[in-house]
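In: Provided below are the primary sequence and the corresponding predicted coordinates.
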Number of protein chains: 2
Amino acid sequence: MASPNVLTPQAEDFPKWYQDVVAKAEMADNGPVRGTMVIRPYGYAIWERMVAEVDQRIKKTGAQNAYFPLFIPQSYLAREAEHIEGFSPELAVVTIAGGEELAEPIVVRPTSETVIGEYMAKWVQSHRDLPLLLNQWANVVRWELRPRLFLRSSEFLWQEGHTAHASAEDASSYALRIHTEVYNDFLTSILAVPTLLGIKPPSERFAGATNTMTCEGMMRDGKALQMATSHELGQNFAKAFDIVFQNDAGESAHCFTTSWGASTRMVGGLIMAHGDDNGLVVPPRLAPIQVVILPVREGDEAVDAACAQLAATLEANEVRVTLDKGRGSFGRRTTDWEIKGVPLRLEVGPRDLAEGLVTMVRRDTNEKISVALDAVAGAISHALGAMQADMLAAATARRDDRITTVSTVAEAIEASQNGFARLSWSLVTPEIEKQLKGEALTVRCLQRADGSIPLSDTEDGLTCIIAKSY
Amino acid sequence: MASPNVLTPQAEDFPKWYQDVVAKAEMADNGPVRGTMVIRPYGYAIWERMVAEVDQRIKKTGAQNAYFPLFIPQSYLAREAEHIEGFSPELAVVTIAGGEELAEPIVVRPTSETVIGEYMAKWVQSHRDLPLLLNQWANVVRWELRPRLFLRSSEFLWQEGHTAHASAEDASSYALRIHTEVYNDFLTSILAVPTLLGIKPPSERFAGATNTMTCEGMMRDGKALQMATSHELGQNFAKAFDIVFQNDAGESAHCFTTSWGASTRMVGGLIMAHGDDNGLVVPPRLAPIQVVILPVREGDEAVDAACAQLAATLEANEVRVTLDKGRGSFGRRTTDWEIKGVPLRLEVGPRDLAEGLVTMVRRDTNEKISVALDAVAGAISHALGAMQADMLAAATARRDDRITTVSTVAEAIEASQNGFARLSWSLVTPEIEKQLKGEALTVRCLQRADGSIPLSDTEDGLTCIIAKSY
């Protein structure tokens, strides 16, 4: 187990714990320019796994990947009034290029609705070109005054999907499909983070959207993190960029567009939803390293041979396995792998080995099991599956314990100091929203009474989730 | 076959043919900001396949992926004298961010040696931290006055590897390994582009390198394209960024570093190395779509059922297959798939089908073969393999036909109007290099007499390749 000095305990100072984990698990460093981030190999390997899982789900919905330029003429952003207002304070602007002052300043993309809108207008002619379903994996820049690694960085990595449809219904149902079949499925089945799905209140919508859907996760300090969002943009961008098609009747009509994104912020969510005082805990289906094989004693030939054999067996079973290089004391190495949150450790020592046994340790429960050498592959496969399911169940139980249904704003403020408050949306006027913000609280999402996603914030009987957030 | 109007013939105007292919195959468009590029879904799917193949080879050499910031303090670039001199004219500079003028301007990375150098210095302490083998997939910006899609764009996508080693020998042998096991293996076995491997003359080295290795490909107009490069940086960046380690003897020493990159430029190389007057020809191992199934007549139930069945069979055999949606005339659809260079077409018509047959057409040879329905999977597998091998053989024969060994500079100038000239390197003084540049020619690489890669430009008996280039 980690010595008490390695990480600040969560209960003592959660933000400090987060910083410690990011540094000690070698996830990321601050970049040299304010708010930028260096993603180190272990952090990037986790991101690569997220990319692979999200990308395959996006492709299943029929969207195709493409790549649009980093640089956007400043004038493009100004074409949609709410969009420019929303993003202006966060823009990075290139004014010199190729040794000369530019005639028109160039914006480094904060998001790509505008430039993609320009090209959709070229590519869409008739209803047969619709829906047009595009996605890109890219870096974006939003200048950040209070940066935090993964959670808020001036540059971050993400995917942004952009689609054009012939009708509002088609746009709406596709955005919902992305939200549930891509984001929520990934978050629950791979990241093991239970989410609350709902729509944002009008005050919290994306700049230019008519509706924003969100997946809200609860972190271990009871705060909310927005894990992914999907936006219906109505005809706002289609009108600003002239995305027009001929419908069946031969008439010209504006498309309905959507956009949706998930970013390296999910890495922060992973850390804070599952991590404990010993470090990260990575769910097996996500983990870039699912099993680490640890020789208890260095330089013992029988141990080394057994470790190599186990690694080969597990690799043949498509387990993502790493053989510890055996530098430093066994205790120190164990601590390091715990901090990195590798789901299972296989400890191989000469005494166990003489009896044909190795020890398997689960990161989430710290449970230790002796396993016969010839039963390791089966035991690992079983333990990986069990740990994945148990992590989601544990995170769901923790979350549900901290959601309090209340009937007044005062109670909501009280309850959301340490978790989520559920309140009738009818009680939350714009003035109340302001009051909540004064208490560092926001309305995270609106849901129907049964927890399903409403079509609009004006539906009757909605509840809302109020919480502190990242 | 494509009608003569679809594409400008190569013999008439090769650059115009290239532009036509890029547009008609829906590979890319010009972006709104000078020199930037929109990579359309089909072009991006080809790039994704390149990424997957190169990435797995990089990982096999032991390098790990990471991500470093887009933004670099301008002062970093200035620390290595040749580096700043080489890149200054091409930089894009951010001077405003978050609504304020910045105290120190920020450069949008043209390459990441400097920022990665800064972090290597933090991460490397002892010889046990070496070699440090990093790679990143990223966008970079080099302001381009004469942009051409994929070949020269102000923003492009690439991978850049950066490594630190304890000795010059270790750095050198790793750079060579990347050059041969990653780049050359990918280019020949996947892209089917035969290369000439060698080192750049000192005048053409990367800014700050002590040695630059290159893979030069020949395009169908006889010009050269640099497909990938690997640089030995000596201790230049290690000294500029203080990348220091303790050696076995406990003494402090500067590391030796390398960098190496391949970019979306390879997509341009693919087009120009294999394309013909009917469009792209994509080698099967690279192709995102290996087989397209084309119903000859729309709306015929038996044809539709056979097409769906064939698609399912091929998918089960892990063939990347697409079912043509059957819009427009059969001739038009055939032309479109030819332009996109899909290796094999399976044409399914009612008459053939009644006899239990379909027609398989190879894109490179236009050879048509009748295949029995129950033998399609085997025939496809065989044809894909044959086409891959034949494309490399054909490209190699075309290239070798156009390499002329000459013994004077005048002959070299003559021979390189339509291909490559091979000349003794001892004849090429700095003055001759200037003269060649006046003729729009460059020394593409230096090789040993047997075609192998020399360690240095001062070895005896070297030959050099002189050519026009992209």
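Out: Nice, thanks for sending it over.

In: CA atoms for contacts and neighbours, from now on please.
Out: Fine.

In: buried sites along stretch A:331-348?
Out: Applying a neighbour-count criterion of 16 or more other Cα atoms under 10 Å in any protein chain shown, one finds A:333-348 buried in stretch A:331-348.

In: taking the residues you listed one by one, which sit in strands?
Out: Counting by DSSP state E, the buried residues of stretch A:331-348 place A:344-348 in strands.

In: got the residues you listed as a markdown table, with distance to chain B columns?
Out: What follows is these, written out as a markdown table (distance: Cα to the nearest Cα, whole Å):
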| residue | distance to chain B |
| --- | --- |
| A:Leu344 | 22 |
| A:Arg345 | 22 |
| A:Leu346 | 23 |
| A:Glu347 | 24 |
| A:Val348 | 24 |
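
In: who touches A:Val93 in this structure?
Out: Going by Cα atoms under 8 Å, 6 or more residues apart in numbering or on different chains, A:Val93 touches A:105-108, B:94-97.

In: buried subset of those?
Out: Buried among those (16+ other Cα under 10 Å): A:105-108, B:94-97.

In: Show me the residues you listed that map onto strands.
Out: Using DSSP E, the members of those that fall in strands are A:105-108, B:94-97.

In: what residues are up against the residue of the stretch 301-450 of chain A found nearest chain B?
Out: Minimum separation of the stretch 301-450 of chain A from chain B (Cα to the nearest Cα) falls at A:Arg327, amounting to 9.7 Å. Contact partners of A:Arg327, counting by Cα under 8 Å, 6+ apart, are A:Arg333.

In: In a strand, A:Ala421, correct?
Out: Yes: A:Ala421 sits within a strand when classified using DSSP: H, G, I helix; E, B strand; the rest coil.

In: from what I can see it touches A:Thr404, true?
Out: Yes: if you go by Cα atoms under 8 Å, A:Ala421 and A:Thr404 touch, sitting 4.9 Å apart.

In: Quickly name whichever of the contacts of A:Val93 is closest to B:Ala209.
Out: Comparing the contacts of A:Val93 against B:Ala209 with Cα to Cα places B:Val94 closest, at 26.9 Å.

In: Test of understanding: give the bridge partners of the residue nearest to the closest one when sequence neighbours are not counted.
Out: In space, and not counting its chain neighbours, B:Val94 is closest to A:Val94: 4.1 Å by Cα to Cα, 6 or more residues apart in numbering or on different chains. Counting by DSSP bridges, A:Val94 forms beta bridges with A:Ile106, B:Val94.

In: Pull out the buried positions in stretch A:53-70.
Out: A:53-55, A:57-58, A:63-70.

In: meant to ask about stretch A:13-27
Out: Buried, per 16+ other Cα under 10 Å, within stretch A:13-27: A:14, A:17-27.

In: counting contacts, what elements does the helix or strand bottoming out on mean pLDDT in chain A pack onto?
Out: Between all helices and strands in chain A, the lowest mean by mean pLDDT, DSSP states H and E belongs to helix A:81-87, at a mean of 90. Under the contact criterion of 3 or more Cα pairs under 8 Å, 6 or more residues apart in numbering or on different chains; DSSP states H and E, helix A:81-87 touches helix A:74-78.

In: residues touching the nearest residue to A:Val124 once chain neighbours are set aside, list them.
Out: Beyond its immediate neighbours in the sequence, the residue positioned closest to A:Val124 (Cα to Cα, 6+ apart) is A:Phe245, lying 6.2 Å away. A:Phe245 makes contacts with A:124-127, A:166, A:252-255, as judged by Cα under 8 Å, 6+ apart.

In: do the same with A:Val38
Out: A:28-31, B:66-69.

In: before we move on, what about A:Arg285?
Out: A:190-191, A:384, A:388.

In: ok, back up a step: roughly how far does the residue nearest to B:Val94 sit from A:Arg109?
Out: 11 Å (Cα to Cα, to the nearest Å).

In: list the buried ones in the least confident helix or strand of chain A?
Out: For helix A:81-87, by 16+ other Cα under 10 Å, it's A:83-84, A:87.

In: Could you tell me which residues of chain A lie near chain B?
Out: A:31-33, A:36-41, A:43-45, A:64-73, A:88-99, A:106, A:115, A:143-144, A:155 (Cα under 8 Å from any Cα of the partner chain).

In: Among these, which ones are in strands?
Out: Residues of the residues of chain A next to chain B located in strands (DSSP E): A:37-39, A:64-65, A:71-73, A:92-97, A:106, A:155.
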